[in-house]
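Q: predicted structure and sequence below. I'll ask about it afterward.
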Amino acid sequence: MKHPKDTKRAEGALGALTASAMALPGLAPAALADGPVEETSWDNEYSYYREDGLRPSKGVPGADNDRMEIHSYQFRVATPVGERSDLTVNGTYESLSGASPWFVLPDPVDGTPIQVMSGSTIDEKRGDMLATGAYYFDQGSINASGGFSIETDYYSGNIGLGAERSFNDKNTTLSIGASASFDWIRPTDCNEFDRICSEDKQSVNAFAGISQILTRHSAIQSTLGFGYSDGFLSDPYKRAYIDSIGSTIRDSRPDDRKQFTWTTKYRHHVSGFNGTAHIDYKLYVDDWGINSHTLDLAWYQSIPWQVQIVPSFRYYSQSQADFYEVLYQTPRNDGNASSDFRLSPYGAITYGLKLTKDVEDWPGHLDWQFALSYERYESDSGLAFQSVDVENPGLVSFRIFAARISVKF
Amino acid sequence: MTETTTRTTTHAAARATTRRSRKAVALLFAAGLLALPGCTVVKPWDRDMLSRQDMAFDADPLETSRRNHVYFSKEATPPGGGAGGGGCGCN
């Protein structure tokens, strides 16, 4: 068994996949946007993400149980280009450090699963960028996107196309889109730690959505999404314990995956309270046996002095992948093995609070918006819809502080 | 006598099924009534509330991308309007 402290950049791949997720073009159909942006806007956000340390009862006795922290800077620039088109550029630069779950072992005393961490040796930087151009017709629009994500051991590129068409005096909008991404994985220390040295994967995604104005105060959007991935879909930095051989083997997952999502968003402005309700629900199913439910609630309360207070709550529950086990008695016939907590059954809640302040016609006659937010995420097998026999010891809880400054020229 | 009882029971079951069906139809109808506002056309000059920033389906794009970023890396579910892809498939 390799020493945990020698495992580097386990979070590298993680960072890359999140980057790719963010960079996926055309996956968020816009509604009620029936023309190009009219003025240039520039958003800047700094965020600090910190995971709770592993609970002592879940980790190796005496080991360092610290986990990841991430400092992240994001920006977004949107500007009109001519009379009928606009351009939006998103970018991220972040610094990741700490430790992440490596594999699970049975406790030598009582056999309960305990999490072995990678050791606090991860120190990674990541950058990504995504550009989207859109052209608007009288009753619709088309858009094209391209983006990339780069870090030491992971490279990803993507392209996408989308279109919208409005009907019914622009009360109804149909949206479709498709994208493709190409990822190259080059894990560090591959020979030293029995990892793959070079792999790749390809993904295609498509969606179709409808947005409908319901009343002067309410609107709804419903979107179906499909994704297909092919190639190396395992985590090169994780391993799974097999009891019959008394050792760990590489994390190994099927080499393709089909994913389906159905997302519905509802917005309702309550004039009497000068507040707006956001209610979002997402159903997810894939052919690895995982299904999940996500409910997002937020209330945007406007108060005097152009201040807005936004409390939010999120509930999430997922089932496990068919091939997932926290500890394997014997190897599976199909060769798959993963003890990754992200494939385990659990539930999670997030609660948050955001404050925004608008300042109009301030220096240079510009319009500014300042925002501060805090979010707390807690996951636990007891929060899952279904009963869970054995909780994965690597489940994560974290908090995020964020500060944003936006300006319109 | 037994046949009569059976027939009575069958009819009762059929009536119960019919009642359930009617209830289902009534519920569907009620749902349809609730959906009727969806057929109302809101003219552009009546969309002042709908044009508010907090009425957008994505009211804070940077926050959305950050959340997608975090949740996709910690959960099995891809973000938003479509299915995820790219990345290492670690989740």
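A: Cool, the structure landed. Numbering: from 1, shown residues only, chains lettered A, B, ... in the order given.
Q: gap between the nearest residue to A:Tyr266 once chain neighbours are set aside and A:Ile220?
A: Leaving aside its chain neighbours, A:Tyr266 sits nearest to A:Ile279 (4.5 Å; criterion: CB to CB, 6 or more residues apart in numbering or on different chains). For every residue, glycine as well, the C-beta is placed using N, CA and C. With distances taken as CB to CB, to the nearest Å, A:Ile279 is found 9 Å from A:Ile220.
Q: please apply the same query to A:Lys282.
A: In this view, A:Lys282 and A:Ile220 are 14 Å apart by CB to CB.
Q: the residue of the stretch 51-200 of chain A found nearest chain B: neighbour count?
A: Nearest residue of the stretch 51-200 of chain A to chain B, counting by CB to the nearest CB: A:Ser181, 3.6 Å away. Other residues near A:Ser181 come to 28 when the count uses other CB atoms under 10 Å in any protein chain shown.
Q: how about the secondary structure of it?
A: strand (DSSP: H, G, I helix; E, B strand; the rest coil).
Q: local confidence estimate at it?
A: pLDDT recorded at A:Ser181 is 93.
Q: equivalent analysis for A:Cys190, please.
A: For A:Cys190, pLDDT reads 87.
Q: if we can go back for a sec, so the residue nearest to A:Tyr266 lies in a strand, does it not?
A: Yes: counting by three-state DSSP, A:Ile279 is located in a strand.
Q: phi and psi next, for B:Phe72.
A: Dihedral angles phi and psi of B:Phe72 (degrees, to the nearest 10) take the values phi -60, psi -30.
Q: name the residues contacting each of A:Ile279 and A:Ile220.
A: A:265-266 (CB atoms under 8 Å, 6 or more residues apart in numbering or on different chains).
Q: out of these two, which sits in the more crowded spot?
A: Set side by side, A:Ile279 and A:Ile220 show more neighbours around A:Ile220, with 19 against 15, by other CB under 10 Å.
Q: how would you label B:Asp54: helix, strand or coil?
A: What three-state DSSP gives for B:Asp54 is helix.
Q: excluding residues flanking it in the chain, which one is nearest it?
A: A:Tyr300 (3.9 Å).
Q: ramachandran coordinates for residue 68?
A: Unless you meant another one, I'm taking chain A. Given degrees, to the nearest 10, the pair of backbone angles that A:Met68 has is phi -80, psi 150.
Q: let's do chain B instead
A: B:Asn68 has phi and psi values of phi -60, psi -40 when expressed as degrees, to the nearest 10.
Q: beta partners for the residue of the stretch 51-200 of chain A closest to chain B?
A: Counting by DSSP bridges, A:Ser181 is bridged to A:Asn158, A:Ser203.
Q: where do the strands sit along the stretch 101-250 of chain A?
A: Secondary structure of the stretch 101-250 of chain A, counting by DSSP state E, counting those that start in this stretch: strands at A:101-106, A:113-117, A:122-136, A:140-151, A:154-167, A:172-185, A:199-215, A:218-231, A:239-242, A:247-250.
Q: so which of the ones you listed comes closest to A:Ile309?
A: Nearest to A:Ile309, of all these, is strand A:218-231, at 21.2 Å by CB to CB.
Q: what's the angle from the helix or strand hosting A:Thr92 to strand A:122-136?
A: Using DSSP states H and E, A:Thr92 sits in strand A:85-98. If you take axes from the mean of the first three to the mean of the last three CA atoms, to 10 degrees, strand A:85-98 sits at 170 degrees to strand A:122-136.
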